[in-house]
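Participant: Sequence first, then the predicted structure:
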Amino acid sequence: MTMTLYVVPGSHPCAAVERALRVKALPYERVDLLPVAHNFVQRRRFGAGTVPGIVFDSGEKLTGSAAILRRLDELVPEPPLLPGDRLMRAEVVQAARWGEEVLQPVARRLVWAALKRDSGAMMSYTEGARLPVPRRLAALAAGGVAAAEVRIHGASDPDIRADLVNLPHHLARIDAWIDNSVLAGSAVNAADLQIGAGVRLLLTLGDVEPLIAGRPAGALARRHFPEYPGHVPKGTLPASWFREASTSVGARLVPDVTL
C-alpha cells in the first residue's frame, strides 16, 4: 500500500498524519504545497481547500487529519491509534476531537500572527521540504502570504491576546489528560498526535516556548515530534500580551475536560 500525502510544510495537522503513517510503517509519497496557494490546489484535487489531503492507492481521497487518522485505523488496524478499552477509547476520542477543534486553530492563529510580524522566519518552516517554486520566490511572497493567512484564520490582535490568556488553561487541560493516562501512554494514540503536533508547533515560537517548557504537555510534544521545522525569535510578539498570561501559567489547573 502506497499513498500520496499532500501537506503544507510546518502544518501541525499534516505532521500528525505523517507521524501516524510512520507509526503504522506505511510507505507514502509527500507532496509539499505553499500556504494560501494550497487552497486552490486542494480544491481542484479534493473538492476542499484544506490540508492534509491523502490519496490512497485505491484512488480513495480524504482531507482533514481526523478523517485520515480514522481511515488509517480502518485500513491498517495494527498498531491501533485508539485503545481497545471502551472507556479509555472514549476519553482518547474526546481528547483528539478537542485537539483538532480547539487547540489546532489556536496554534495556527498564534503562528500566523508571529509570522506576519517576522515574515522572514517563514522559510524556516520549509526546512527539508520540496517546494513547488524556487525558494527565493517563496521567500519574496512570505509577507503577503502571512498577511493573507492572518485574515483567513481571524488572527487579529484581540484574538491573539485572548488566545494567550487562555493558553495556560489549555496546557493545564493537556497536563490533566497526561496525569490520567489519556495521553502519553505506552502506545501512541490519535490524541497524542493531534494534541502533540499542536503543542510542538507552539514550541517553535520563541515567545510562547517559555509558557510550555517544563510542562508535561511540552514533553509529550517533543516525544512524538522530536524534530519539527520552524522558529520565530523571541520578541516578535508584544511583551505586553504575555503579562496577563504569565500570571496563570505557573498553576497546574485541572479543568473540566469535557467539551
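Facilitator: Looks like it arrived, so ask away. Since we're looking at a predicted model, the values are computed, not measured.
Participant: packing partners for the top helix by length along the chain?
Facilitator: In the chain, taking DSSP state H as the definition, the longest helix is helix 157-179. In terms of contacts (3 or more C-beta pairs under 8 Å, 6 or more residues apart in numbering; DSSP states H and E), helix 157-179 is packed against helix 86-98, helix 104-117, helix 190-202, helix 209-212, helix 216-224, helix 240-246. To be clear about C-beta, it is placed using only N, CA and C from the backbone, and glycine gets the same treatment.
Participant: what sits up against the last one?
Facilitator: Spelled out, it's helix 240-246. Contact with helix 240-246 is made by I160, R161, L164, V165, L167, P168, D207, L211, as judged by C-beta atoms under 8 Å, 6 or more residues apart in numbering.
Participant: And the buried ones among the residues you listed, selectable in ChimeraX?
Facilitator: In ChimeraX, a selection of the buried entries from the contacts of helix 240-246 looks like this (16 or more other C-beta atoms under 10 Å):
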select :160,161,164,167,168,207,211
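Participant: okay, the contacts of helix 240-246 in CSV with pLDDT and distance to A15 next?
Facilitator: Listed next are the contacts of helix 240-246 as CSV, based on pLDDT from 0 to 100; distance: C-beta to C-beta, whole Å:
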residue, pLDDT, distance to A15
I160, 97, 22
R161, 95, 26
L164, 97, 22
V165, 94, 26
L167, 96, 19
P168, 94, 23
D207, 98, 21
L211, 94, 20
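Participant: Output the contacts of helix 240-246 in CSV; the columns should cover distance to D85.
Facilitator: Supplementary listing: the contacts of helix 240-246 in CSV, determined by distance: C-beta to C-beta, whole Å:
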residue, distance to D85
I160, 39
R161, 40
L164, 36
V165, 36
L167, 31
P168, 31
D207, 39
L211, 33
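Participant: What is the nearest of the contacts of helix 240-246 to L237?
Facilitator: Nearest to L237 among these: D207, at 4.6 Å, using C-beta to C-beta.
Participant: per-domain residue ranges of this protein.
Facilitator: 3-75, 86-246 (automatic domain parsing).
Participant: Neighbours of E127, how many?
Facilitator: Neighbour count for E127, taken as other C-beta atoms under 10 Å: 13.
Participant: and it, what does it touch?
Facilitator: P9, P229, G230.
Participant: which of these are buried?
Facilitator: Among the contacts of E127, those scoring as buried are P9, P229, G230 (criterion: 16+ other C-beta under 10 Å).
Participant: Which ones among these lie within helices?
Facilitator: Per DSSP H, these never map to helices.
Participant: Make TSV out of these and add distance to A16.
Facilitator: Output for the buried ones among the contacts of E127, formatted as TSV (distance: C-beta to C-beta, whole Å):
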residue	distance to A16
P9	14
P229	15
G230	15
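Participant: Let me have these in CSV, extended by pLDDT.
Facilitator: Shown next, in CSV, are those (pLDDT from 0 to 100):
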residue, pLDDT
P9, 99
P229, 99
G230, 99
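Participant: And A148, which helix or strand is it part of?
Facilitator: helix 142-152 (DSSP states H and E).
Participant: as a whole number, average confidence for that helix?
Facilitator: Across helix 142-152, the average pLDDT comes to 98.
Participant: Pass me the low-pLDDT residue ranges in this protein, would you?
Facilitator: 246-259 (pLDDT under 70).
Participant: Determine the three-state secondary structure at the residue of it positioned farthest from its centre.
Facilitator: Taking C-alpha atoms, centre = their mean as the measure, the residue most remote from the mean C-alpha position of the chain is S58, 27.3 Å away. Under DSSP: H, G, I helix; E, B strand; the rest coil, S58 falls in the coil class.
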